[in-house]
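K.L.:
Just to be clear, the model below is a prediction. Sequence and coordinates:
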Amino acid sequence: MVDLISQYQHIKPQIDKGFEEVLNTAAFINGPQVKTFTQNLEKYLEVKHVIPCANGTEALQIALMALDLQPGDEVITADFTFAATVEVINLLKLNSVLVDVDYDTFTINPEAVRKAITSKTKAIIPVHLFGQCAPMEEILEIAQEHDLYVIEDTAQAIGAEYKFKNGEVKKSGTIGTIGTTSFFPSKNLGCYGDGGAIFTNDDKLAHKMSGIVNHGMYKRYYHDEVGVNSRLDSLQAVVLDVKLPLLDSYNTKRRKAADFYDKAFAGHPNLIVPARAGYSTHVFHQYTLKIKDAERNALQHYLSEREIPAMIYYPVPLRKQKAYDTGNYNDSDFPVTDRLINQVISLPMHTELDEDQLRYITDNVLSFFKK
Ligand SMILES: *Cc1c(COP(=O)(O)O)cnc(C)c1O
């Protein structure tokens, strides 16, 4: 699905030099590389504060911890996403309220959010799934009406740009109250281990979260809050700082691969190519097809026999996972998620796909339907 070895070969001199600097100074934790990367990411995102942390899941957890929510408060998020989002809500003894998504964009459905709001709702977590933003303008409107926080999970869409109706453009993750991301190796901006970050324009929340990531300390050995230990390593910061200036070109390469796929599959009766929403650029963390009137699992098997990895993101809705099934959900409220789990299939998508590989993949996808 990804080719990180070839990508490393292109940036090896800078990475190796940066690693050597860290090894020679042994500043493995909170070294100057972390600060430099943090400042560069703030500039790239045009956001006031970036707080680096250990991974994208803890980024979400820390964001929620900063909002002073009470056990039993409700947080609305999408039924069709990776489990990390709903996991941290429940870990903090908050109640996750899962809602349906939009068929075209795979992102949270604002109408479904509206219907799920109760007097206990405190926050919405839209997930910018597969590389494209959720409809933030509508979500911000709902949040304003009901006085809710918005945490954007942009683990899959760093670098995507949101276009507001008035022409204003903002980077994904800098639109809501807080944004969170992951630097897991296969993400669009990935390091060589685990990493994550939190973004906000709110000075107070930034200060609070900068303490929470470090045991609730604002002064050494004085613990003002219950915190966690969640840090980005200096070695990971080296990788990220080499890759950050390349992020836009990486995302362009992904978009070009997506264009190739789109063209090959255009008009095919069994294939629905991923929609591109007018309000957001698409950074194609995944290239996710929908299969109509054909056996999706048989296609996956057919491709794997030809050494083409294809993945089902995601095979089970979160509301049907043992850990998160509250028994209060009605299938009739989730027509889209329940369709998607049977239709979606994601093809290889990364920065190193060449035309021969892309043609091999598209030829094989198309030949499956000619059998
Ligand atoms: C990857 C991912 C996360 C979690 O990030 P980790 O760094 O693996 O903890 C959270 N949300 C979404 C949507 C993701 O894709």
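P.N.:
Sure, I can see it.
K.L.:
only C-alpha atoms for contact and neighbour calcs from this point on.
P.N.:
Noted.
K.L.:
Residues of the stretch 151-300 of the chain that sit close to the ligand?
P.N.:
Within reach of the ligand by Cα under 6 Å from any ligand atom, the stretch 151-300 of the chain has these residues: Asp153, Ala155, Gln156, Ser182, Phe183, Phe184, Asp194, Gly195, Gly196.
K.L.:
can you list these in JSON lines and add distance to His146?
P.N.:
JSON lines is the format used below for these (distance: Cα to Cα, whole Å):
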{"residue": "Asp153", "distance to His146": "20"}
{"residue": "Ala155", "distance to His146": "26"}
{"residue": "Gln156", "distance to His146": "27"}
{"residue": "Ser182", "distance to His146": "29"}
{"residue": "Phe183", "distance to His146": "32"}
{"residue": "Phe184", "distance to His146": "34"}
{"residue": "Asp194", "distance to His146": "35"}
{"residue": "Gly195", "distance to His146": "33"}
{"residue": "Gly196", "distance to His146": "29"}
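K.L.:
So which of those belong to strands?
P.N.:
Asp153, Ser182, Gly196 (DSSP state E).
K.L.:
which other helices and strands contact the longest helix along the chain?
P.N.:
The longest helix of the chain (DSSP state H) is helix 4-25. Helices and strands touching helix 4-25, by 3 or more Cα pairs under 8 Å, 6 or more residues apart in numbering; DSSP states H and E, are helix 234-243.
K.L.:
Run through this protein and note the low-pLDDT ranges.
P.N.:
Scanning the chain for pLDDT under 70 picks out nothing.
K.L.:
Quick check: can you list the domain ranges of it?
P.N.:
Here the domain parsing of the chain from automatic domain parsing is 4-245, 247-368.
K.L.:
So which bits of the stretch 1-150 of the chain are right by the ligand?
P.N.:
Near the ligand, when you scan the stretch 1-150 of the chain using Cα under 6 Å from any ligand atom, you find Asn55, Gly56, Thr57, Phe82, Ala84, Thr85, Val127.
K.L.:
quick one: which of those residues is most hemmed in?
P.N.:
Val127 (28 neighbours; other Cα atoms under 10 Å).
K.L.:
now the residue in the stretch 251-371 of the chain that the ligand sits nearest to, what's its secondary structure?
P.N.:
Nearest residue of the stretch 251-371 of the chain to the ligand (Cα to the nearest ligand atom) works out as His285 at 8.9 Å. For His285, the assignment made with DSSP: H, G, I helix; E, B strand; the rest coil gives coil.
K.L.:
Isn't it up against Gln156?
P.N.:
Yes. Under the criterion of Cα atoms under 8 Å, His285 makes contact with Gln156 at 5.6 Å.
K.L.:
residues shared between the contacts of those two?
P.N.:
Common contacts of His285 and Gln156 (Cα atoms under 8 Å, 6 or more residues apart in numbering): Phe130, Gly131, Lys187, Asn188.
K.L.:
Look up how far Gly267 lies from the residue nearest to the third one when sequence neighbours are not counted.
P.N.:
I take that to be Lys187. Of all residues not flanking Lys187 in the chain, Gln156 sits nearest, at 6.3 Å (Cα to Cα, 6 or more residues apart in numbering). Applying Cα to Cα, to the nearest Å, the value for Gln156 to Gly267 is 27 Å.
K.L.:
Repeat that for Gln236.
P.N.:
Remark: distance between Gln236 and Gly267 (Cα to Cα) = 43 Å.
K.L.:
Settle it for me: which of those two has more neighbours?
P.N.:
For Gln236 versus Gly267, the count of surrounding residues by other Cα under 10 Å is larger for Gln236: 23 against 11.
K.L.:
Please name the residues that touch the more buried one.
P.N.:
Contacts of Gln236 (Cα under 8 Å, 6+ apart): Cys191, Tyr192, Gly193, Asp194, Gly195.
K.L.:
repeat for Asn55
P.N.:
Asn55 sits next to Thr181, Ser182, Phe183, Phe184, Asp194, Gly195, Gly196, Ala197, Ser230, Leu232 when contact means Cα under 8 Å, 6+ apart.
K.L.:
Name the nearest of the residues you listed relative to Ile29.
P.N.:
Nearest to Ile29 among the contacts of Asn55: Leu232, at 7.6 Å, using Cα to Cα.
K.L.:
For the residues of the stretch 151-300 of the chain next to the ligand, work out which two are farthest apart.
P.N.:
Asp153 and Asp194 (16.4 Å).
K.L.:
Show me which of the two is the more surrounded one.
P.N.:
Asp153 (31 against 18).
K.L.:
hang on, isn't that one packed against Gly173?
P.N.:
Yes. If you go by Cα under 8 Å, Asp153 and Gly173 touch, sitting 7.0 Å apart.
K.L.:
got any residues that touch both of these two?
P.N.:
Gly179, Thr180, Thr181.
K.L.:
between those, which is nearest the ligand?
P.N.:
Thr181 (6.9 Å).
K.L.:
my read: the closest one touches Ile198, true?
P.N.:
Yes. Between Thr181 and Ile198 a contact is recorded at 6.5 Å, counting by Cα under 8 Å.
K.L.:
where do the contact lists of those two overlap?
P.N.:
Ala59.
K.L.:
of all the contacts of Asn55, which two lie farthest apart?
P.N.:
The widest separation within the contacts of Asn55 (Cα to Cα) is 14.5 Å, between Phe184 and Ser230.
K.L.:
quick one: stretch 206-226 to chain centroid distance?
P.N.:
26 Å (Cα atoms, centre = their mean, to the nearest Å).
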